[in-house]
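Engineer: with the sequence up front, the predicted model follows.
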Amino acid sequence: MSIWFKDYQLEDVWQFAGKNMLAHLGIEFTDIGEDFLKAKMPVDHRTQQPLGILHGGASVVLAESLASSGGYLTINPAKQMCVGLEINANHIRPVSDGYVEGVTRPIHIGKRTQVWEIKIYNQQGKIVCISRNTLAVLEKRNKDKG
């Protein structure tokens with residue numbers, strides 16, 4: 001049974017990848033399942049730190065993007081919105097090139113908060129970063145409903 005508010009397809013998720021940080025960093029959504037969302041991000045000049053490895057902040061951007069997008073897909077967007085409350089990340093292993101892929105699944109989907117786990121892997125399938133993101137679920141006010 002799907003956790004999503006409606007029957008979303010991968011093409012629907014691309015609405016989040018407009019002219020924003022996702023596009024700037026080359027983040028692409030790659031898969032959506034009944035209880036998960038995946039995206040990949042290149043490890044290149046846009047996402048590396050000065051030592052030539054994946055910047056921890058770029059991993060956090062990928063994690064936050066996945067969790068926030070997942071949260072949005074579980075709510076009624078005409079009445080609610082999700083915003084980040086807290087994120088943490090443990091950086092496990094460096095990556096210097098290629099791409100990383102993140103997958104998010106919910107730990108908790110409540111009426112007021114959501115908690116999402118995000119795991120980021122290298123191309124060999126080894127864990128690079130594990131993150132947890134807490135989202136607030138807010139009711140839209142009249143001026144927000146436009």
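Structural biologist: Nice, thanks for sending it over. Numbers count the residues shown, from 1 in each chain.
Engineer: from here on, contacts and neighbour counts on C-alpha atoms
Structural biologist: Fine.
Engineer: for this structure, just list every one of the strands.
Structural biologist: Along the chain, the segments classed as strands by DSSP state E run 28-32, 37-42, 80-91, 99-109, 113-121, 127-139.
Engineer: which strands and helices sit next to the last one?
Structural biologist: This means strand 127-139. When contacts are defined as 3 or more Cα pairs under 8 Å, 6 or more residues apart in numbering; DSSP states H and E, strand 127-139 sits against helix 56-74, strand 80-91, strand 113-121.
Engineer: returning to what we had before: would you turn the strands of the chain into a markdown table with mean neighbour count and mean pLDDT?
Structural biologist: Formatted as a markdown table, those follow (neighbours: other Cα atoms under 10 Å; pLDDT from 0 to 100):
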| stretch | mean neighbour count | mean pLDDT |
| --- | --- | --- |
| strand 28-32 | 18 | 96 |
| strand 37-42 | 22 | 98 |
| strand 80-91 | 17 | 96 |
| strand 99-109 | 21 | 98 |
| strand 113-121 | 23 | 98 |
| strand 127-139 | 21 | 98 |
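Engineer: what would the ones you listed look like in TSV with distance to Ser2?
Structural biologist: Listed next are those as TSV, based on distance: least, Cα to Cα, whole Å:
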stretch	distance to Ser2
strand 28-32	10
strand 37-42	12
strand 80-91	19
strand 99-109	12
strand 113-121	16
strand 127-139	19
